[in-house]
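>>> give me the fold of what follows.
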Amino acid sequence: MSTPERSERPDEETPLLRSPSRSSSTQSARTQTPLPKLQLSLLVFLQMAEPMTSQCIYPFVNQLIRDLGITHGDEEKVGYYAGLIEALFFLTEAVTVLQWSRLSDHVGRKPIVIVGMSGIMISMVLFGLSRSYTMLIVSRCICGALNGNVGVMKSLLAEITDDTNISRAIPVMTVAWAVGSTIGPLIGGLLARPAERFPKLFNRPFWTIYPYFLPCAAVAGYVLLLMIAVVLFMKEPIHQDPPVSEADVAQNVPAAELAEGATIEHDESVFPLHVPETKNDHPLPLREVLTGRVILAISNYATLGLLDVALLALIPLFMSTPIKLGGLGLTPATIGLCLGAFGLSNGFLQMLVFSRIMEAWGPKRLFVVSLASFIPIWAFFPLTNALARAHGLSNGVWMAIGTQILLMVIMDMAYGAIYVFLISSAPNKRSLGATNGLAQTVISLQRAVGPVLSTSLFAFTLEINILGGQGVYVALIALSGLALSVALRLPRKPWKND
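Next comes the predicted model:
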């Protein structure tokens with residue numbers, strides 16, 4: 001009868017670090033800290049702003065280049081100029097984002113967020129008013145140079161949550177990105193050229209001279225309202241210095257819980273993904289932040305970003321290019337609907353199945369499978385064009401587009417998986433800004449290359465007729481294979497913090 005009592009009473013044989021099974025029961029019994037709803041809501045709306053501002057121009061940027069006469073009617077060169085616009089945005093972001101992220105470790109997150117939002121707002125207004133290619137480039141470079149939010153938001157999320165509630169916050173941010181990815185292209189596609197689409201409401205000459213100002217102004221207005229809310233309501237995270245015992249570290253959240261809010265039993269895969277803050281934590285020099293595991297996590301994040309932005313730049317170019325030249329000949333409004341459909345289905349399906357897949361497979365297997373989906377995605381481009389050449393915009397074409405969108409949803413799950421590795425690689429909590437800043441710097445460089453790579457290859461293979469204009473897809477499939485070789489170097493389980 002005394003056995004049960006004795007089993008609960010520690011003695012000299014009781015291990016200092018609890019076993020995984022006991023850790024799981026204790027963890028489940030711990031009271032979850034309530035999420036800071038107002039602060040999390042501000043982060044959600046900030047998260048939505050990022051894809052809205054970057055993707056709202058995708059449905060019409062290729063048509064804008066044609067309208068401005070930059071290519072002098074040469075359809076085959078549209079890809080070069082469209083890719084360069086996005087490449088310069090990411091290049092300027094790569095130059096400055098690390099400095100913004102490191103500065104936020106010292107002066108606070110809120111001032112950097114406000115500066116970033118100001119840059120986005122100014123950039124969108126200038127883009128909508130641009131009547132030359134030079135002004136298009138200048139407006140995007142302003143946005144890239146002043147936008148430090150991309151790295152800071154990840155640090156903010158880690159700071160307003162703890163190991164008991166971060167698993168509920170991550171899925172909310174995933175859905176916010178999906179909603180922004182849905183709204184952005186819809187705004188760009190449906191509000192472009194309002195004088196033609198809504199002549200009774202927009203009958204002034206201004207809307208004919210600046211046919212793409214309305215979608216840019218709509219997004220800028222959203223950012224302005226959000227910036228006012230940030231000024232009024234965002235609280236600067238306060239760093240505390242609680243001592244952290246080994247037992248506390250051993251009880252941190254597992255990979256699947258952090259990534260998508262799954263409820264699973266703890267086992268030997270437990271790791272402190274929510275980076276603990278100890279009394280000795282302080283921002284580390286970059287040389288100390290660049291550990292081997294940080295470099296490996298960032299490398300995989302960068303290859304994913306390279307392929308992803310190459311895809312996002314190629315889709316509207318492919319869809320807007322005439323069928324005879326290898327595309328589909330769709331209008332900006334239809335392109336916006338297609339991109340919006342991806343954002344909507346992505347948010348819905350990720351909420352429905354992501355946590356289950358993460359629980360069953362773990363982050364590495366999910367990342368590898370998601371990354372591998374790029375290969376059939378590239379293959380569907382020439383297949384869809386072949387169907388359009390043979391049967392026009394038939395049901396077969398739309399089924400192919402739908403299948404490609406589904407594959408893109410699978411691909412997008414790679415971001416949740418690699419985020420597990422990226423955050424678990426951080427040396428300490430006070431270096432989250434530097435870690436995320438480094439990651440964003442590298443991925444921004446890759447994203448600068450991605451649009452130029454895919455759109456220029458598209459134009460180049462058309463111009464000299466490589467494999468009947470389909471050589472771009474062979475090259476991108478080969479690049480996806482190289483990315484998979486990097487992904488296989490990740491450990492089977494995310495790192496534990498020492």
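>>> continuing past whichever strand or helix holds residue 159, what's the next helix or strand?
Using DSSP states H and E, residue 159 sits in helix 149-160. Per DSSP H and E, helix 149-160 leads on to helix 166-191 as the next helix or strand towards the C-terminus.
>>> what's the angle from that following helix to helix 149-160?
Computed with axes from the mean of the first three to the mean of the last three CA atoms, to 10 degrees, the direction of helix 166-191 lies at 150 degrees from that of helix 149-160.
>>> show the average pLDDT along whichever helix or strand comes after helix 166-191.
Using DSSP H and E, the helix or strand that follows helix 166-191 towards the C-terminus is helix 194-197. For helix 194-197, mean pLDDT is 91.
>>> any buried residues in the next helix or strand after helix 194-197, and which?
Note on helix 194-197: by DSSP H and E, the next helix or strand toward the C-terminus is helix 205-209. Buried positions in helix 205-209, judged by neighbour count with 16 or more other CB atoms under 10 Å: residue 207. Where C-beta positions appear, they are placed from N, C-alpha and C, glycine not excepted.
>>> what helices and strands are in contact with helix 205-209?
Other elements packing on helix 205-209 under the criterion 3 or more CB pairs under 8 Å, 6 or more residues apart in numbering; DSSP states H and E are helix 194-197, helix 213-233.
>>> weakest of those helices by average pLDDT?
When I compare the helices and strands packed on helix 205-209, helix 194-197 is least confident, with a mean of 91.
>>> residues in contact with that helix?
190, 201-203, 207-208, 211, 214, 333 (CB atoms under 8 Å, 6 or more residues apart in numbering).
>>> out of those residues, which end up buried?
Of the contacts of helix 194-197, these count as buried by 16+ other CB under 10 Å: 190, 202, 207, 211, 214, 333.
>>> measure the third one to residue 200 for me?
Taken as CB to CB, to the nearest Å, the spacing of residue 207 relative to residue 200 amounts to 12 Å.
>>> equivalent analysis for the fourth one, please.
As for residue 211, its distance to residue 200 is 16 Å (criterion: CB to CB).
>>> which residues in the stretch 301-450 of the chain form strands?
With strands called from DSSP state E, counting those that start in this stretch, the stretch 301-450 of the chain shows none.
>>> in JSON lines: the helices and strands packed on helix 205-209, plus distance to residue 453.
Output for the helices and strands packed on helix 205-209, formatted as JSON lines (distance: least, CB to CB, whole Å):
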{"stretch": "helix 194-197", "distance to residue 453": "33"}
{"stretch": "helix 213-233", "distance to residue 453": "26"}
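>>> closest to residue 137 out of those?
Among the helices and strands packed on helix 205-209, the nearest to residue 137 by CB to CB is helix 213-233 (15.1 Å).
>>> and the strand or helix carrying residue 287, which residues are buried?
For residue 287, the element it lies in under DSSP H and E is helix 286-289. Residues residue 289 are the ones in helix 286-289 that count as buried (16+ other CB under 10 Å).
>>> mind checking pLDDT for residue 238?
At residue 238, the model reports a pLDDT of 62.
>>> show me the shaky parts of the stretch 101-250 of the chain.
Filtered on pLDDT under 70, the stretch 101-250 of the chain yields the residue ranges 163-168, 170-171, 238-250.
>>> and with 50 instead?
In the predicted model of the stretch 101-250 of the chain, residues 240-250 satisfy pLDDT under 50.
>>> just name the most buried of the helices and strands packed on helix 205-209.
helix 213-233 (a mean of 18; mean count of other CB atoms under 10 Å).
>>> how about the CA coordinates for that one, as CSV?
Extracted in CSV, the C-alpha atoms of helix 213-233 (Å, rounded to 0.1, in the frame of the first residue of the first chain):
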residue,chain,number,x,y,z
PHE,A,213,-2.4,53.2,-58.0
LEU,A,214,-5.6,51.9,-56.4
PRO,A,215,-4.3,48.5,-55.3
CYS,A,216,-1.1,50.1,-54.0
ALA,A,217,-3.0,52.8,-52.2
ALA,A,218,-5.4,50.2,-50.6
VAL,A,219,-2.4,48.3,-49.2
ALA,A,220,-0.7,51.5,-48.0
GLY,A,221,-3.9,52.6,-46.2
TYR,A,222,-4.0,49.3,-44.4
VAL,A,223,-0.4,49.7,-43.3
LEU,A,224,-1.1,53.3,-42.1
LEU,A,225,-3.9,52.1,-39.9
LEU,A,226,-1.8,49.3,-38.6
MET,A,227,1.1,51.7,-37.8
ILE,A,228,-1.2,53.9,-35.8
ALA,A,229,-2.3,50.8,-33.8
VAL,A,230,1.3,49.8,-33.2
VAL,A,231,2.2,53.3,-31.9
LEU,A,232,-0.8,53.2,-29.5
PHE,A,233,-0.9,49.7,-28.3
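>>> and it, what does it pack against?
Right, helix 213-233 is packed against helix 37-55, helix 109-129, helix 166-191, helix 205-209 by 3+ CB pairs under 8 Å, 6+ apart.
>>> if we use 6 Å, what do you get?
Secondary structure elements in contact with helix 213-233, counted by 3 or more CB pairs under 6 Å, 6 or more residues apart in numbering; DSSP states H and E, are helix 37-55, helix 109-129, helix 166-191.
>>> would you list the ones you listed in CSV and tack on distance to residue 63?
Shown next, in CSV, are the helices and strands packed on helix 213-233 (distance: least, CB to CB, whole Å):
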stretch, distance to residue 63
helix 37-55, 15
helix 109-129, 14
helix 166-191, 10
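>>> my guess is residue 378 contacts residue 474. True?
No. The pair residue 378 / residue 474 is not scored as a contact, 8.3 Å apart, by CB atoms under 6 Å.
>>> neighbour-wise, which of the two wins?
residue 378 (25 against 16; other CB atoms under 10 Å).
>>> quick check: the gap between residue 401 and residue 457.
Taken as CB to CB, the span from residue 401 to residue 457 is 21 Å.
>>> let me redo that: residue 147
Separation of residue 147 from residue 457 (CB to CB) stands at 27 Å.
>>> one more: residue 335?
20 Å.
>>> what about these two, which has more around it?
Just comparing residue 335 and residue 457: by other CB under 10 Å the higher neighbour count belongs to residue 335, 26 against 22.
>>> quick check: residue 425 touching residue 295?
No. Residue 425 is not in contact with residue 295 according to CB under 6 Å; the separation is 8.6 Å.
>>> of those two, who's got more company?
Using other CB under 10 Å as the criterion, residue 425 and residue 295 rank with residue 425 on top: 23 against 14.
>>> dihedrals phi and psi, that one?
The phi and psi values for residue 425, taken as degrees, to the nearest 10, are phi -80, psi -10.
>>> and the closest residue to residue 154 other than its chain neighbours, how close does it get to residue 332?
Excluding the flanking residues, the one nearest residue 154 by CB to CB, 6 or more residues apart in numbering is residue 436, at 4.5 Å. The spacing between residue 436 and residue 332, counted by CB to CB, is 34 Å.
>>> likewise for residue 338?
Using CB to CB, residue 338 is found at 11 Å from residue 332.
>>> these two: who's more crowded?
Set residue 338 next to residue 332 and count neighbours by other CB under 10 Å: residue 332 wins out with 26 against 22.
>>> the helix ranked longest in the chain vs helix 109-129, what angle?
Using DSSP state H to define each element, the chain has its longest helix at helix 432-463. Counting by the same axes, to 10 degrees, helix 432-463 lies at 20 degrees to helix 109-129.
>>> I'd like the next helix or strand past helix 432-463.
Using DSSP H and E, the next helix or strand after helix 432-463 towards the C-terminus is helix 471-487.
>>> what's that next one in contact with?
Outside helix 471-487, the residues within contact range by CB atoms under 6 Å, 6 or more residues apart in numbering are 299-300, 303, 367-368, 371, 374-375, 378, 381-382, 457-458, 461.
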